[in-house]
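In: Provided below for reference: sequence and predicted model.
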Amino acid sequence: MTGHQLKLMELKLDFLNIITSTVDEENYIDEYGEKLKNCFIQHLDIEKCCFLLFENEILKPYIHVNSMLKISEMDWTKFEDTFREQIKAPIPAFLKAQEEFKEYTDIVLLKDNVIVYGVFLCKSSSLWNAFCQSNVFTDFVTLLTKVINSIVKNIEIRINEKQYKQLYNMTDLFHSTMEIDVILENVISTMKEYYQEFDVELILSNDQERKTTLNIKQFDYLSERSATVEAFVSGNITIERVKDLNCCLLNSPIKGRQAIYGILQVKAPYDYNFTKREKEFIRMLTNTSGNALENAKLYHQSHRLISDLQLINETSHRLNSEINITEMLIFLRKQLMKSFQPKELCFVIKENDQFRIAEGSSEFFESEEGLLYINHVAKHFDCSKDPLFIADFSRLISNDVNYKSMMAIPMFVEQQIIGFSIVLHTDSYFFSFDSFKLMQSLIQHSSLAISNSFLRSKLQEMIDYDHLTNLYARSYLDEFVVKSLASDDSGMFLLLDIDDFKRVNDSFGHQVGDQVLVQIGEKLIQEVGDIGVCARWGGEELSVYVPNVSKEEAFQLSETIVSQIPKVTNPVVTVSAGLITWDKSDRPEFQKLFLQADTALYHAKNSGKNKFCYYEDIKAFYS
């Protein structure tokens, strides 16, 4: 046996020892590199070497003895001429020119029949040069090829085993939790564990509920790269080399059985090539997480639907109870604020083809910026009945705005828009599509109740007011006086009658008579203001009631009214009036109050007209 044959035998034994001794160990690239380094130093005096493995027409750095060495992937076609008629050659000039390979001298093709496994590069030594000239060198290359192939397979088996174990543990965890944070955290941590030098980012679709505290990017069709959008739409992994970012982006869809919920994006160096095994692992990881995310979403969705139904039922029940429009809108505001957490909210009601801001709205909508939103929505509803769901309002106008997210829902009654509601938030893409659908349901159930409330208010106004004079009706005055007699400390009641009113109607006509009534009504409202109630008592009789007023104040107001009416009427008329006052020491009965005022009025009529009489001064005449 020659010396070179013996050397080959020793190498074979050491290679076999490396492989067999690591079968049950979790050795990875650098550990194998250290073992091979010792073997090459001992037998061939080679101190520098590395292996580039062949995959998909690319040579990838795989095992090297210097862990600090950074080697890029290379196109195999550059090497084909080097090995056209030989398995060993001097290192090519294009490699020698690179800083990483300037000390390397030889390159060896690792090939089994027609299958290329890679190349071996090294810095030669005298022992190496002599060994290469021997008749056992071809056997050495075959042996080295098998050893490297065996090491690669062993490493891949270990990696696959660990990855599948990790996938199993993740699946087990996902089946035991419905917490979206936990699912997404595990996806990110698993990826970072296997790809520590790569950037990993989750991009979730915009209809995801904001139930995570993680820093996750929202998917935006308008700003995402085309390859990212393609992965989201097609459900397949896409890979893009991005020159402006100097990176390679892998986009893997987070896919459930019903939908795609986002993208897992891995950012690698520009020249990096993801292996088939790596892409399969990422695909299985995102599919597993997609199913788990879908289950968690459906779980939360079921609870939310129950909560939404309870909310709609509670809202409908409350709105259909006997409450006025102000109470109704304030209650609806509370429900909307609780459900959607907007920064600003408003209700806009359509009256006489004009929109007005209703009760319960934020003060913001009275500002110039607030009116910008209202005008935009009003213009939309002038030509469309579709609700508005805007993720970023600033994109629709040239100016930047404080509130990006907006939902605007029309109120319908008999297919006609009677108003709309707007909610705003400063963050873009804040409201989910589920929130949009819920708000539509709430406003839809509220529209009829709000319309009915307006009708009730108008009907009540018709009951409470005299349509000619715009004074309160007698029925309203009766209720007001009853409450005042029970709760106030004092009050006055003035009953007026227009003197010789029949002559006005006979001389000028009933239309002029109606104008006189309107003129007197306007004067009464002007003098009394909001301190009391003015009402049309019936026919040409009118009345004034003021609570919590002194006797002196009552006399002064009565004198003013009687003296001013001739000055504001055309044709000129006068009035006679009967006055009664009371305080808490002697509260009169309801009917007695009116009877006494009527008695005082009768006395004023019979004693000259155009004046008022105080009941206490004349009651002796009627006792």
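Out: All right, it came through fine.
In: quick one, helices of the stretch 251-400 of the chain?
Out: Secondary structure of the stretch 251-400 of the chain (DSSP state H, counting those that start in this stretch): helices at 276-319, 325-340, 368-383.
In: And the ones you listed: which comes nearest residue 618?
Out: helix 325-340 (44.9 Å; C-beta to C-beta). Quick note: C-beta positions are derived from backbone N, CA and C, even for glycine.
In: who does the closest one touch, helix- and strand-wise?
Out: The contact analysis (3 or more C-beta pairs under 8 Å, 6 or more residues apart in numbering; DSSP states H and E) places helix 325-340 against helix 276-319, strand 344-351, strand 416-425, helix 433-464.
In: one more time with 7 Å, if that's ok
Out: helix 276-319, strand 344-351, helix 433-464 (3 or more C-beta pairs under 7 Å, 6 or more residues apart in numbering; DSSP states H and E).
In: and the ones you listed as a markdown table, adding distance to residue 419 and mean neighbour count?
Out: Listed next are the helices and strands packed on helix 325-340 as a markdown table, based on distance: least, C-beta to C-beta, whole Å; neighbours: other C-beta atoms under 10 Å:
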| stretch | distance to residue 419 | mean neighbour count |
| --- | --- | --- |
| helix 276-319 | 14 | 17 |
| strand 344-351 | 4 | 20 |
| helix 433-464 | 7 | 17 |
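In: Kindly present those as JSON lines, with separate columns for mean pLDDT and distance to residue 582.
Out: Output for those, formatted as JSON lines (pLDDT from 0 to 100; distance: least, C-beta to C-beta, whole Å):
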{"stretch": "helix 276-319", "mean pLDDT": "76", "distance to residue 582": "40"}
{"stretch": "strand 344-351", "mean pLDDT": "87", "distance to residue 582": "41"}
{"stretch": "helix 433-464", "mean pLDDT": "77", "distance to residue 582": "24"}
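In: Could you save those as TSV and add columns showing distance to residue 32?
Out: Below are the helices and strands packed on helix 325-340 laid out as TSV (distance: least, C-beta to C-beta, whole Å):
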stretch	distance to residue 32
helix 276-319	18
strand 344-351	63
helix 433-464	52
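In: So for residue 196, which of these sits nearest?
Out: Nearest of the helices and strands packed on helix 325-340 to residue 196, taken as C-beta to C-beta: helix 276-319 at 13.9 Å.
In: what's the nearest residue to residue 279 if we skip its chain neighbours?
Out: residue 237 (5.8 Å; C-beta to C-beta, 6 or more residues apart in numbering).
In: Following element in sequence after the least confident helix or strand in the chain by mean pLDDT, please.
Out: Of all helical and strand segments in the chain, the minimum by mean pLDDT, DSSP states H and E falls on strand 58-64, at a mean of 69. For strand 58-64, the following helix or strand on the C-terminal side (DSSP states H and E) is strand 74-75.
In: Give me the residues contacting that following strand.
Out: For strand 74-75, the surrounding residues in contact (C-beta atoms under 7 Å, 6 or more residues apart in numbering) are 57-59.
In: I'd like those residues as JSON lines, with neighbour count and distance to residue 21 appended.
Out: Formatted as JSON lines, the contacts of strand 74-75 follow (neighbours: other C-beta atoms under 10 Å; distance: C-beta to C-beta, whole Å):
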{"residue": "57", "neighbour count": "10", "distance to residue 21": "34"}
{"residue": "58", "neighbour count": "17", "distance to residue 21": "31"}
{"residue": "59", "neighbour count": "22", "distance to residue 21": "28"}
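In: What residues sit buried inside stretch 370-385?
Out: Judged by neighbour count using 16 or more other C-beta atoms under 10 Å, the buried positions of stretch 370-385 are 370, 372-374, 376-378, 380-381.
In: Reformat these as TSV; add pLDDT and distance to residue 552.
Out: As requested, the buried residues of stretch 370-385 are exported to TSV (pLDDT from 0 to 100; distance: C-beta to C-beta, whole Å):
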residue	pLDDT	distance to residue 552
370	90	48
372	90	54
373	92	53
374	91	50
376	91	57
377	92	55
378	90	53
380	91	60
381	89	56
